[in-house]
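Visitor: Here is the input, now give the coordinates:
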Amino acid sequence: MNKTVAQCLIICSLAVVITLSVISPWVLSDNNLLLSKFIEQGGFLSFLGVIVTITLASATNLHLELNKMEEKYQKRIFIKTRESIRKSSFWLISLLLVAILIASTKSLLCKTVVAESIANGACLLIVLFNILFLVDLTQTAFALEPDIR
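Guide: Sure thing, here's the model as predicted:
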């Protein structure tokens, strides 16, 4: 999946969440018991914690492997790849903090069905972003070929 497809997927998903929240808020609100329990009873944060931990560990390993390859050739050849990994890693950490904020304040701040729907939709978008980064990282790791002479 390339960057353009991922960006379009996020934009389309954002449009769907906003549309559902305005037109049919019950779909993403706490009336959806599966979604409500997933977000409020810790499943959401546990899921994100596992995904973020695994993804950041993988990003670190990929970064170290890129170091080894650059040291071998004595040339910095993965500048854009490193920057992309670095940005995405910080986005993951930032979105985890946002997820913690949403999950911990949702019951206090969301007094209407529309507000619940927006908060739950935001949580789903955070999950989507995490999955997209995991896919991107996996594709990057598999793109590295062995240097066989």
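
Visitor: Which residues in the lowest-mean-pLDDT helix or strand in the chain does the neighbour count mark as buried?
Guide: Taking mean pLDDT, DSSP states H and E as the measure, the chain has helix 33-40 as its least confident helix or strand, at a mean of 88. Burial within helix 33-40, assessed by neighbour count using 16 or more other C-beta atoms under 10 Å, is assigned to 35, 36, 38, 39, 40. From N, CA and C alone the C-beta is placed, and that goes for glycine too.

Visitor: Distance check, the nearest residue to the fourth one once chain neighbours are set aside against residue 139.
Guide: I take that to be residue 39. With C-beta to C-beta, 6 or more residues apart in numbering as the measure, residue 123 is the residue that lies nearest to residue 39, at 5.2 Å, once sequence neighbours are left out. Using C-beta to C-beta, to the nearest Å, residue 123 is found at 25 Å from residue 139.

Visitor: Who has more neighbours out of those two?
Guide: When residue 123 and residue 139 are compared on other C-beta atoms under 10 Å, the one with more neighbours turns out to be residue 123, at 24 against 11.

Visitor: Just the element for that one, please.
Guide: Counting by DSSP states H and E, the element that carries residue 123 is helix 113-143.

Visitor: so that helix versus helix 33-40, what angle?
Guide: Comparing the axes of helix 113-143 and helix 33-40 via axes from the mean of the first three to the mean of the last three C-alpha atoms, to 10 degrees yields an angle of 70 degrees.

Visitor: I'm done for today, thanks for sticking with me.
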